[in-house]
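[1] coordinates only, sequence not included:
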């Protein structure tokens, strides 16, 4: 993507759409930013070497256009009943959150997410998992104070779908997708607690997702059985598996830190039953990451010796990100103890 000037231009337009949403003080301006963000991402998805991108871009366009049209209808409806296009109205907050939930891929409106991810390159997957989620989540934070029971049901269903959906998958794209759906449930709960908490959670989630995809991008791994072909460099295996376990939330790594904060705040607010469900579902996501890494951790694992074409170079970016993922929790603990 970085070698194509047209795609670089569309990437900057995508970022400009995100900045419009951040700086907008009306729902109509936020809707315009969402449209710029969507229409600039579709050309980035196109790839002549992969025929699945056409199907993925069409699915993405139809879903996002449907959600945008519903959002515009609700904005106009609310402006007729209340204070024009301002962000400060109380009516139809639950309805306004619905198209935003559809845009971000929260269960039960997640059906488009795994199939779109399966047809994208790894760099486009990274954009869809991180940058494209910022806008709907940011707008969702304005409407999060609706009925608690409805929100808790959405969070429960989201973490359950994200945990159970990835159990029978062999594609790494779908595994990371269902893990992202599980993280969206945690993000919604962090959003319910405070604004700073969900922003911190999202930044750490984006860092860990970038770490995993930067490691996978170099050898171009797509399936679980291709992981065992990384025979030339054992450091890549260690980096990949430690980053996956960190993304799953294993305590020694950085991925446990945001979940730890959310669990603590939920227990303070006496939401113990839902916190137990979320922890159990998070353990299931950790299981299918362990399933990938366990066979390579043991000594008697089988490795293919005849594959010499896979790229086993270590990029400096993935090495730095993996170091942050492994040692991040230790550094944060030392900082809190010192200051």
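    Everything's here; your move. What you are looking at is a predicted structure, and each value in this text was computed from that prediction instead of being measured. Residues are numbered from 1 along each chain as shown.

[2] what stretches of the chain score poorly on pLDDT?
    1-3, 48, 81-93, 145-147, 228-233, 295-316, 331-339 (pLDDT under 70).

[3] just so I have it, where are all the helices in it?
    Here the chain has its helices, by DSSP state H, at 5-23, 27-45, 52-81, 93-104, 112-118, 122-129, 131-140, 148-164, 172-193, 195-217, 234-248, 256-268, 272-297, 316-338.

[4] Highest average neighbour count across those: which stretch is it?
    Among the helices of the chain, helix 172-193 has the highest mean neighbour count (mean count of other CB atoms under 10 Å), at a mean of 24. Where you see a C-beta, it was placed from the backbone N, CA and C, and this is true even at glycine.

[5] quick check: angle from that helix to helix 148-164?
    160 degrees (axes from the mean of the first three to the mean of the last three CA atoms, to 10 degrees).

[6] Which other helices and strands does helix 172-193 contact?
    Under the contact criterion of 3 or more CB pairs under 8 Å, 6 or more residues apart in numbering; DSSP states H and E, helix 172-193 touches helix 112-118, helix 122-129, helix 131-140, helix 148-164, helix 195-217, helix 234-248, helix 256-268, helix 272-297.

[7] okay, those in JSON lines with distance to residue 318 next?
    Formatted as JSON lines, the helices and strands packed on helix 172-193 follow (distance: least, CB to CB, whole Å):
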{"stretch": "helix 112-118", "distance to residue 318": "20"}
{"stretch": "helix 122-129", "distance to residue 318": "12"}
{"stretch": "helix 131-140", "distance to residue 318": "19"}
{"stretch": "helix 148-164", "distance to residue 318": "25"}
{"stretch": "helix 195-217", "distance to residue 318": "4"}
{"stretch": "helix 234-248", "distance to residue 318": "6"}
{"stretch": "helix 256-268", "distance to residue 318": "20"}
{"stretch": "helix 272-297", "distance to residue 318": "16"}
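
[8] I'd say residue 318 and residue 214 touch.
    Yes - applying CB atoms under 8 Å, one finds residue 318 in contact with residue 214, separated by 4.0 Å.

[9] For residue 26, which residues count as its bridge partners?
    As for beta bridges, residue 26 partners with residue 86 under DSSP bridges.

[10] burial of it, as a residue count?
    Using other CB atoms under 10 Å, residue 26 is surrounded by 14 other residues.

[11] What's the separation between it and residue 95?
    Residue 26 sits 18 Å away from residue 95, going by CB to CB, to the nearest Å.

[12] how is this protein carved up into domains?
    What the record gives for the chain is the domain set 1-92, 101-338, from automatic domain parsing.

[13] of all the helices and strands packed on helix 172-193, which lies closest to residue 181?
    helix 148-164 (3.6 Å; CB to CB).

[14] Report the angle between the closest one and helix 272-297.
    Using the same axes, to 10 degrees, helix 148-164 lies at 10 degrees relative to helix 272-297.

[15] just checking, what packs against helix 148-164?
    helix 172-193, helix 272-297.

[16] Tabulate the ones you listed (CSV), appending distance to residue 255.
    Output for the helices and strands packed on helix 148-164, formatted as CSV (distance: least, CB to CB, whole Å):
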stretch, distance to residue 255
helix 172-193, 9
helix 272-297, 10
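
[17] Any idea which of these gets closest to residue 245?
    When the helices and strands packed on helix 148-164 are ranked by proximity to residue 245 (CB to CB), helix 272-297 comes first, at 5.8 Å.

[18] and that closest one, how far from the chain's centre?
    17 Å (CA atoms, centre = their mean, to the nearest Å).

[19] And for stretch 281-298, what's in contact with it?
    Defining contact as CB atoms under 8 Å, 6 or more residues apart in numbering, one finds that stretch 281-298 is touched by 159-160, 162-164, 166-167, 169, 175, 178-179, 182, 185-186, 224, 227-228, 237, 240-241, 244-245, 247-250, 259, 301.

[20] List the residues that contact residue 64.
    38, 103.

[21] what's the spacing between it and residue 99?
    10 Å.

[22] So for residue 101, what's the nearest residue that isn't a sequence neighbour?
    residue 109 (5.6 Å; CB to CB, 6 or more residues apart in numbering).
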